[in-house]
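A.B. asks: Sequence and predicted model, in that order:
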Amino acid sequence: MMNKIGEINFKEIKRISPSQFYSMKNCAYKSLLAEAFEKKPLLPLSPNAYFGTVLHKMLELIAKGIVKDEDDFNAEFDKQVKALEEDLRQKGFGFFVPLKIRLRNFGLKKIQLKKHLRSKSEQSASFSNSKFHSEKWFESQDKLIGGKVDLVIENGNEIEILDFKTGAITQDCLDDEGEIYSDVKNEYKEQLKLYAYLYFENTNKFPTDLSLVDLTKQKFPVEFSEEECKALFDEAKNLLTSTNDCINTKSFSANPKEENCKYCLYRPACSFFHKKLETDYSFNDVLGEIKDVKKFQNGNVTVFLQNENKNLIIKNFSSKMFDELNSHKDKQIRIYHVRKESTEFVYSITETTMIYG
Ligand code: SF4
């Protein structure tokens, strides 16, 4: 089906969350598009991203003490997966189901997740000395910055803020001598430092520890100073103001780079990205004018696009698409999530391909 993007109705972003800050810093236009489309993505997420929401929910329920033992875990996990699969079917992504079969590492991730269950002795020891606040909402006094902290553990003067991540927490970096070392991703460091300042604004105390925890239960400490938390907090507020100012002045800018756009789910509405697609063939998205549409004996349909002076071939559309594609001859269309074939400028469609015209 051919999708359309009508006029974009930009809206002021009321609040910035610590988890959104880094992405907004890299391309504020993405945040404006997300707001304009009420955070409803214009492209499907990967099945792993959908599954990540289940993993995170399970971590939350374990942290809250709602899921206590293996029986609770198995029942809740099955319930969450079933609900997600139903949701995917309703969204038209039934091909991701069953997740157990479609996802590599499904079983491994479930086993890793189970390690987060606290043993009986851990449960009684920790609950007697510490206060646990799971999914705790904090916002700044002016309400411009706000977000949910996965877990806060308060034990006398010791206050730890923890954030759970279901994917990789570290990335490879190069030191001054060109040696590779592994470090916590900057976006996660900044997210935690913003939580630290939010905690301070609300309690007048800074946390003593900031930590990230991965699925294998490995903990990664994040060092911080009060000054840098405050500086990031101010930077986030300024970013929010300058981003919202673009709506009034209508002078939008974006940062179309591979690392920003590759996973941006608002690409179909981004004119800056489309401009990039006119000359950049590194993405799994293509754009061009339909020059011809051919139906083959096996029913498969191939579309011939022209982009500037390049001819692109996109194969394997179903025969149901023939008439619609044909009616767009000489018009520009954009096709997202295609697979590159071994021959240059030849692509085929995938289960998640979407067409915008
Ligand atoms: S497609 Fe790229 S440039 Fe456009 S909003 Fe998304 S990240 Fe920004």
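C.D. replies: Thanks, I have it.
A.B. asks: Next, give phi and psi for the closest residue to L33 other than its chain neighbours.
C.D. replies: Spatial nearest neighbour of L33, chain neighbours left out: Y266 (3.8 Å); criterion: CB to CB, 6 or more residues apart in numbering. Glycine gets a C-beta too; all of them are placed from N, C-alpha and C. Backbone torsions of Y266, given as degrees, to the nearest 10, read phi -110, psi 20.
A.B. asks: Counting neighbours, what do you get for Y266?
C.D. replies: 24 (other CB atoms under 10 Å).
A.B. asks: same question, E228
C.D. replies: Using other CB under 10 Å, E228 is surrounded by 15 other residues.
A.B. asks: Can you classify the closest residue to it other than its chain neighbours by secondary structure?
C.D. replies: Once flanking residues are discounted, E228 sits nearest to K193: 6.2 Å by CB to CB, 6+ apart. Of the three states, K193 takes helix under DSSP: H, G, I helix; E, B strand; the rest coil.
A.B. asks: residues contacting K193?
C.D. replies: Residues near K193 by CB atoms under 8 Å, 6 or more residues apart in numbering: 210, 222, 224, 228-229, 232.
A.B. asks: Just among those residues, which is most surrounded?
C.D. replies: Counting neighbours by other CB under 10 Å, L210 leads the contacts of K193 with 25 neighbours.
A.B. asks: residue boundaries of the strands in the stretch 201-350 of the chain?
C.D. replies: Shown for the stretch 201-350 of the chain, the strands assigned by DSSP state E, counting those that start in this stretch span residues 209-213, 219-221, 285-295, 301-307, 310-317, 332-340, 346-356.
A.B. asks: My error: substitute the stretch 51-200 of the chain in the last question.
C.D. replies: For the stretch 51-200 of the chain, strands defined by DSSP E, counting those that start in this stretch occupy the ranges 131-139, 146-155, 158-164, 170-174, 180-184.
A.B. asks: most tightly surrounded among the ones you listed?
C.D. replies: Burial of the strands of the stretch 51-200 of the chain is given as mean neighbour count (mean count of other CB atoms under 10 Å); strand 158-164 ranks first at a mean of 20.
A.B. asks: Please work out which residues outside that strand touch it.
C.D. replies: Here strand 158-164 makes contact (CB under 8 Å, 6+ apart) with 56, 59-60, 63, 149-153, 188, 191-192, 195-196, 199, 205-214, 219.
A.B. asks: what's the answer for stretch 248-263, then?
C.D. replies: Contacts made with stretch 248-263 from outside it, assessed by CB under 8 Å, 6+ apart, are listed as 26-30, 32, 246, 267, 270, 272-273, 275-276, 282-283.
A.B. asks: redo that, cut-off 10 Å
C.D. replies: Defining contact as CB atoms under 10 Å, 6 or more residues apart in numbering, one finds that stretch 248-263 is touched by 8, 10, 12, 23, 25-30, 32-33, 43, 45-46, 49, 243, 245-246, 264, 267, 270-277, 280, 282-285.
A.B. asks: So which of those sit within helices?
C.D. replies: Secondary structure defined by DSSP state H assigns 23, 25-26, 28-30, 32-33, 49, 243, 245-246, 271-277 of the contacts of stretch 248-263 to helices.
A.B. asks: For the stretch 1-150 of the chain, give the residue positioned nearest to the ligand.
C.D. replies: The nearest approach of the stretch 1-150 of the chain to the ligand comes at C27, 3.4 Å away (CB to the nearest ligand atom).
A.B. asks: Quick check: that residue touching L239?
C.D. replies: No: contact criterion CB atoms under 10 Å: C27 and L239 do not qualify, at 11.4 Å.
A.B. asks: Looking at those two, which has the bigger crowd around it?
C.D. replies: Set C27 next to L239 and count neighbours by other CB under 10 Å: C27 wins out with 23 against 17.
A.B. asks: and the more buried one, how far is that from Q191?
C.D. replies: Taking CB to CB, to the nearest Å as the measure, C27 falls 17 Å from Q191.
A.B. asks: Same question for Q171.
C.D. replies: As judged by CB to CB, Q171 and Q191 stand 15 Å apart.
A.B. asks: Look up the closest residue to E76, ignoring the ones flanking it.
C.D. replies: V67 (5.3 Å).
A.B. asks: Nothing else from me, thank you.
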